[in-house]
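>>> could you look at this predicted model? Sequence included:
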Amino acid sequence: MPITRALREAAFAGLVAAGLAFPILTLGTELDQSNRLVLEQRWSWMAISAALVCVGRFLVLILASAPTHRVARAPLVSPALTRLLPSVSVMALFLFPLVMLFWLGPQGSLKWINNYGVQILIYVMLGWGLNIVVGLAGLLDLGYVAFYAVGAYTYALLSTQFGLSFWLCLPLAGLMAASWGAMLGFPVLRLRGDYLAIVTLAFGEIVSAVLTNWTDFSNGKAGIMSIPRVTFFGLPFTASENGFAATFGLEFQAIHRTIFLFYLILVLALITHVVTLRLRRLPVGRAWEALREDEIACRSLGINTVNTKLTAFALGAMFAGFAGSFFAVRQGFVNPDSFTFMESATILAIVVLGGMGSQLGVALAAVVMVGGTEVLRELTFLKEIFGSSFDPSLYRMLLFGLAMVVMMIWRPRGLISSREPSVFLAQKKNVSGALVQEGHG
Amino acid sequence: MSAPLLSIQKLEAAYGQIVALKGIDLDVMPGEIVTIIGANGAGKSTTMMSVFGRPRASAGKIIFDGQDITNKPAHEIARMGLAQSPEGRRIFPRMSVLENLQMGAAVNGMAHFQVDLERMFVIFPRLKERINQRGGTLSGGEQQMLAIARALMSRPRLLMLDEPSLGLAPLVVKQIFEVIADLNRNDGLTVFLVEQNAFHALRLAHRGYVMVNGQITLSGTGRDLLDNPQVRAAYLEGAH
């Protein structure tokens, strides 16, 4: 692209940014000493944002037009590494809490195991579950969090009302969520794409509205409290004599429960992963992918598209149900605020950013998205630069949006766009996503 | 003569208010190649698609192998031994050639997968070279071969092909039609073909039907139709 044209387009982008920044950034209201609102004008903010957009656009245009003769982009992770990665990372994950415990002690490691470990793994699991529906079967689901809520409330209600144990409730929660998944599946069987997205979005909102307003059932916004905490197969994590620590002759520490929760969610996530991998090689998994590619062709090949869609919805929902009951047992408290549309959007963003259908990509995206939020909290040194009222984690959505835009330019098909075929004749060969035209693969 | 394998009787179908088929009568005998030719929008593809229930017949009957399939769901029809290579090929672009072929064999639970796969490699050697490649990376002709091979993987008793020559170079069209002729001659495969390319289709087919505005106006052997002055004027002049 010639420099002059790039300059012109950059100037235009800057103008648009200035126009947008004027009402949002330039005009601000503040309270003065006598508590009156005064209009504050921050023209420098507008100038800075316009300049940033202008320069950014210019660089994108110039860099994008730089001659690249690469036919296919190399995959982000080399195939050899990809093959080794699963076993190595699973080992590392199993060692992670123990290493942290010995390194940082019970107090110091809590943050790492809980905020980073458990929190990220929950989203990895949710991402993998949604990956079945969105990535494999190609059914855009914007209300996935509804099944997460179903799982959480199943455990919360069954344990507080009927005293059922977590281990009994876990499969029940999965079953419950799966049947709700199938129930959502039925009315949307004929819908695809945008229409499906709208209905699933509505479904998510309905579930959250019911949980908020049906107070007799769910106790509304107040939520359900004092949900029984997780036990080590019956041994509670307490300082009592029949507690976990006493039984194993250990000194009681709160971290034991967190470590157990870490292993629990790790195993649950790995089950999700292994089941998905196995299913991909079975006829039903192949049918999901074929359905994503072309529904009409599927039908004429004798695939029962009704059953195929319902199993995808039900299985995806089941894993959300497992994750939901884990959420409830971890928090000890559930209320509808944990199951907002933002959660659905985050999980979907993880799947899309990761590269739809790629298990590794989804895991990476979960680490970046959820871990990134946690890292933002850590950046306290920024307070010294921007003043004590500066809270970096408030900029999460801004960075999230920026990441989305950058990804769409840089890797429109997600972090890991190559799809590994489920069967091979003779030798393995990865085909990069770049080799297939947009919208055709 | 034996009973027809596929019999379409007084078939009517519509897309909303627009009537596409106005009473079609058509028979396909076992071992035959039968073709429908006609202009764009005549209802050729609709006839073929309504066999699979899209659109559903609003009147009339479709009988396959003595059974009424007019209101059966598509996947059950496919399980009876009817395979279709739909218009525009519709292969699965992100899946490998091998996976595409597996999907074709899904109907009979992959019972004879290995044997059939070897057979496809003999019929379409190009597919063997491309076996681990993504469907979307194949050329148009290769994709058409894959679509036909995928349909054949279910060991159908009737193969329905919708415009196999669409968008292909003349040489590739010739290849594909030769394969169809071979399959019919050597394996006795019954073929029901919808084509715009009237010349090739009528030369290949035992019998043909000419369709105009949702109705069949002429029928006869492929040779007769090729020689018919009306057909020549409407569909063959200036062609080939």
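Alright, I've got the coordinates.
>>> any chance you could map the strands in chain A?
For chain A, applying DSSP state E gives strands covering A:27-31, A:37-41, A:231-232, A:235-236.
>>> which stretch among those strands comes nearest chain B?
For chain B, the closest of the strands of chain A is strand A:231-232, at 43.9 Å, according to CB to the nearest CB. Placement of C-beta: from N, CA and C, glycine included.
>>> just checking: what are the partner strands of the closest one?
strand A:235-236 (antiparallel) (DSSP bridges).
>>> surely residue B:84 is in a helix?
No: counting by DSSP: H, G, I helix; E, B strand; the rest coil, residue B:84 is not part of a helix but strand.
>>> could you list everything it pairs with in the sheet?
Here residue B:84, judged by DSSP bridges, has bridge partners residue B:160.
>>> do you know how far it is from residue B:90?
Look at residue B:84 and residue B:90: by CB to CB, to the nearest Å, they are 9 Å apart.
>>> same check, this time on residue A:39
According to CB to CB, residue A:39 and residue B:90 sit 61 Å apart.
>>> and for residue B:206?
27 Å.
>>> between these two, who's got more neighbours?
residue B:90 (21 against 16; other CB atoms under 10 Å in any protein chain shown).
>>> quick check, residue B:167 in contact with residue B:140.
Yes: using CB atoms under 8 Å, residue B:167 makes contact with residue B:140 at a distance of 5.6 Å.
>>> ok, and for the lengthiest helix in chain B, which residues are buried?
Criterion DSSP state H: the longest helix present in chain B is helix B:170-187. Residues B:172, B:173, B:175, B:176, B:177, B:179, B:180, B:183, B:184 are the ones in helix B:170-187 that count as buried (16 or more other CB atoms under 10 Å in any protein chain shown).
>>> who's in contact with residue A:237?
Contacts for residue A:237 (CB atoms under 8 Å, 6 or more residues apart in numbering or on different chains) come out as A:229, A:230, A:231, A:243, A:244, A:245, A:254, A:256, A:257, A:260.
>>> pull out the buried members of those residues.
When these are checked for burial by 16+ other CB under 10 Å, the buried set is A:229, A:230, A:231, A:243, A:244, A:245, A:256, A:257, A:260.
>>> so which of the residues you listed belong to helices?
Under the assignment DSSP H, the buried ones among the contacts of residue A:237 contribute A:244, A:245, A:256, A:257, A:260 to helices.
>>> let me see the contact set for the first one.
Read it as residue A:244. Residues in contact with residue A:244 (CB under 8 Å, 6+ apart) are A:231, A:232, A:235, A:236, A:237, A:238, A:250, A:256, A:260.
>>> please apply the same query to residue A:251.
Residue A:251 neighbours (CB under 8 Å, 6+ apart): residue A:245.
>>> do you know the pLDDT at residue A:281?
For residue A:281, the model assigns a pLDDT of 87.
>>> shouldn't it be in contact with residue A:423?
Yes: counting by CB under 8 Å, residue A:423 is a contact partner of residue A:281 at 7.2 Å.
>>> pick out whichever of those two has more residues nearby.
residue A:423 (15 against 11).
>>> for that one, give me the backbone phi and psi.
Backbone torsions of residue A:423, given as degrees, to the nearest 10, read phi -140, psi 160.
>>> returning to that earlier point: redo the buried residues of helix B:170-187 as CSV? Include pLDDT and distance to residue B:105.
Output for those, formatted as CSV (pLDDT from 0 to 100; distance: CB to CB, whole Å):
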residue, pLDDT, distance to residue B:105
B:172, 88, 25
B:173, 89, 27
B:175, 88, 24
B:176, 89, 21
B:177, 91, 25
B:179, 90, 19
B:180, 91, 20
B:183, 91, 17
B:184, 92, 21
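>>> the residue nearest to residue A:377 when sequence neighbours are not counted and chain B: what is the separation?
Spatial nearest neighbour of residue A:377, excluding adjacent residues (CB to CB, 6 or more residues apart in numbering or on different chains): residue A:393 at 4.9 Å. The gap separating residue A:393 from chain B is 38 Å, by CB to the nearest CB, to the nearest Å.
>>> cool, and residue A:136?
Relative to chain B, and taking CB to the nearest CB, residue A:136 is found at 11 Å.
>>> so what's the residue count around the closest residue in space to that residue that isn't next to it in sequence?
Counting by CB to CB, 6+ apart, residue A:136 lies nearest to residue A:288, which is 4.4 Å off, once chain neighbours are set aside. Residue A:288: 28 surrounding residues under other CB under 10 Å.
>>> who's in contact with residue A:288?
Contact analysis of residue A:288 by CB under 8 Å, 6+ apart lists A:132, A:136, A:137, A:138, A:279, A:308, A:311, A:312.
>>> tell me where the stretch 151-300 of chain A has helices.
Under the criterion DSSP state H, counting those that start in this stretch, the stretch 151-300 of chain A contains helices at A:166-185, A:193-213, A:215-218, A:244-247, A:255-281, A:283-293, A:295-300.
>>> count of residues packed around the residue in chain A that chain B sits nearest to?
When scored by CB to the nearest CB, chain A has residue A:302 as its residue closest to chain B, at 3.2 Å. Using other CB under 10 Å, residue A:302 has 25 neighbouring residues.
>>> so which elements touch the helix ranked longest in chain A?
Longest helix in chain A, counting residues (DSSP H): helix A:79-111. Helix A:79-111 sits against helix A:255-281, helix A:359-366, with contacts defined as 3 or more CB pairs under 8 Å, 6 or more residues apart in numbering or on different chains; DSSP states H and E.
>>> look up phi and psi at residue B:17.
phi -80, psi -20.
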